[in-house]
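Chemist: Please work out how this folds:
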Amino acid sequence: APVPPTHEGGFSSSSLFPIVVSPISYTAVTPTTNRLNRISPIDNTWRLLPIQNISCRGSFLVKPSFQNLKALKVASGATTPHELQTWYELGKENAQEKLQEWFH
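Modeler: Just a heads-up that it's a prediction; the model follows:
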C-alpha cells in the first residue's frame, strides 16, 4: 500500500510532525529529514525467497516476509473484524512504545 498522504505544509510549529503507524515492517532507505516518522513492527519471520526487499514510495524498503504478507492481507481489508481489531491493538502498542522511546 502506498504511504498515506501527509500534511507537511500544514504544520506551522516545528514541534509538530506527522506519525504513521503501519502494520507493514520496513527499513528506511535514507534517514528521514521531513520530520515524518513511521512506526512499524519488528519482523523476525522468514523471508519469502528469493525475493529481494521491495522499494516503496516514501524511501523505505519492505522485506517480503510471512509477517508482511499477513499484514498486507489485513491492510487490504481481506480479514475478519476480530483480526482487524487485533492488528489495531498491536499497532497501538507499537506506537505507545515508540512514543515513550522518543519522548522520555
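
Chemist: where's the residue positioned nearest the centre of the chain relative to Ala75, distance?
Modeler: By Cα atoms, centre = their mean, the chain has its centre lying nearest to Ser22, at 2.8 Å. Using Cβ to Cβ, to the nearest Å, one gets 8 Å for the distance from Ser22 to Ala75. Bear in mind the C-beta positions are built from the backbone N, C-alpha and C, glycine included.

Chemist: Would you confirm that Leu61 belongs to a helix?
Modeler: No. Counting by DSSP: H, G, I helix; E, B strand; the rest coil, one finds Leu61 to be strand, located in no helix.

Chemist: how many other residues sit next to it?
Modeler: Close neighbours of Leu61, defined as other Cβ atoms under 10 Å, add up to 13.

Chemist: Give the buried residues for the helix ranked longest in the chain.
Modeler: Ranked by residue count and defined by DSSP state H, the top helix of the chain is helix 81-103. For helix 81-103, a neighbour-count test (16 or more other Cβ atoms under 10 Å) marks 87, 91, 94, 98 as buried.

Chemist: mind pulling up the phi and psi values for Arg47?
Modeler: phi -70, psi 140 (degrees, to the nearest 10).

Chemist: To what extent is it buried, counted in neighbours?
Modeler: 14.
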